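Q: Attaching a predicted model along with its sequence, questions to come.
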Amino acid sequence: MTNTTWLRSFCTLVEVGHFTRTAERLHMTQSGVSQHVRKLEDQLGVALLVREGKQFSLTDAGQLLYAEGRAIIQALSSLEQRIVEDPPHEGLVRVMSPGSVGLKLYPHLLELQRRHPGLVIDYRFAPNTDVENALSDYRIDFGYMTTASTLEEVSCKPVAEESLLLVTPADVVEPSWEALTKLGFIDHPDGAHHAGMLLGANYTEFQHSNLFEKKGFSNQIGLILEPVSMGLGFTVLPAHAVEAFGRPKCVRTHRLATPVSETLYLAVRRDRTLQSRMNTVIAESKKWL
């Protein structure tokens with residue numbers, strides 16, 4: 001492969017037309033410029049210059065190398081500039097979080113993208129283990145998790161608290177243990193975990209969600225309250241998922257005597273420095289969490 005440092009010296013020499021001035025522009029010695037040209041000639045096995053005292057002209061090979069090499073050097077300069085530049089509102093940002101957080105954040109991040117069309121938001125809904133694995137594999141830039149990561153390479157910082165809520169059909173006024181038992185449980189991927197946290201803190205009878213007859217299951221965060229709204233059972237969900245339900249009058253949310261919340265963590269790779277556009281999205285997210 002052609003050494004790009006030698007090639008830059010050669011192209012600059014052709015443009016300037018003088019060894020001494022080329023050396024000044026590149027902050028080199030004149031002998032250093034000459035050495036770069038000779039190394040190029042030795043590597044390519046052809047003469048690039050016809051030297052006439054302090055003057056020179058290009059050989060056919062020199063003219064071809066300059067024409068092609070100039071484009072390469074310009075492309076490299078442009079690449080260097082793009083790498084150094086770190087615009088806060090341009091480029092792709094890849095985010096992943098559990099569904100409840102996504103329901104809360106995604107509309108606001110789309111509005112951020114609408115204000116800054118150069119920003120591209122790639123938002124995936126996924127459980128905690130998928131979030132930390134995606135970070136570990138460099139498939140996302142940052143994520144949100146409701147438990148701290150167990151992976152050494154993933155760093156988690158608490159950023160918010162999200163309440164867990166008991167949700168029943170609208171006609172259930174008092175969520176007694178007997179009423180919940182009669183209704184049955186609408187399960188979801190985090191159903192047992194959420195029920196254990198909230199119901200375990202508020203009902204002495206509670207041991208496990210399996211105590212309730214399972215009346216349904218959905219792994220789509222936006223659909224979990226559909227069977228609840230139809231009177232088919234009750235469930236426990238994070239507040240953002242409840243707030244996002246399109247027919248709130250068809251369900252009833254109960255805030256129990258002992259409130260329970262999940263901690264929300266911002267998860268990033270320890271070895272990665274976040275770019276400005278990523279910090280822009282994080283800052284916007286924090287406004288709404």
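A: Right, received. Where do you want to start?
Q: List the contacts of Ala160.
A: Residues near Ala160 by CB atoms under 8 Å, 6 or more residues apart in numbering: 263-264, 286, 289. Glycine gets a C-beta too; all of them are placed from N, C-alpha and C.
Q: Tell me which helix or strand comes right after the helix or strand containing it.
A: Using DSSP states H and E, Ala160 falls within strand 154-169. For strand 154-169, the following helix or strand on the C-terminal side (DSSP H and E) is helix 177-183.
Q: Can you point out the buried residues in that following helix?
A: 180, 183 (16 or more other CB atoms under 10 Å).
Q: and it, what's its mean pLDDT?
A: Helix 177-183 carries an average pLDDT of 97.
Q: circling back: any idea which of the contacts of Ala160 is closest to Thr29?
A: Nearest to Thr29 among these: Lys286, at 53.3 Å, using CB to CB.
Q: what pLDDT does that closest one get?
A: For Lys286, the model assigns a pLDDT of 94.
Q: what do you get for Arg51?
A: 87.
Q: partners of whatever helix or strand it lives in in the sheet?
A: Element membership for Arg51 (DSSP H and E) is strand 49-52. Strand 49-52 has these partner strands in its sheet, going by DSSP bridges: strand 55-58 (antiparallel).
Q: Tell me which residues of the strand it pairs with come out buried.
A: Burial within strand 55-58, assessed by neighbour count using 16+ other CB under 10 Å, is assigned to 56, 58.
Q: same deal with stretch 11-19?
A: Buried-residue list, stretch 11-19, by 16+ other CB under 10 Å: 11-14, 16, 19.
Q: which residues in the chain form helices?
A: Assigned by DSSP state H, the chain shows helices spanning 4-16, 19-26, 30-44, 60-84, 99-115, 128-136, 177-183, 191-202, 225-229, 239-243, 276-288.
Q: Can you name every helix or strand that the first one contacts?
A: Just to be clear, that refers to helix 4-16. helix 19-26, helix 30-44, helix 60-84 (3 or more CB pairs under 8 Å, 6 or more residues apart in numbering; DSSP states H and E).
Q: partners of the strand holding Ala160, with directions?
A: strand 235-238 (antiparallel), strand 251-254 (antiparallel), strand 261-269 (antiparallel).
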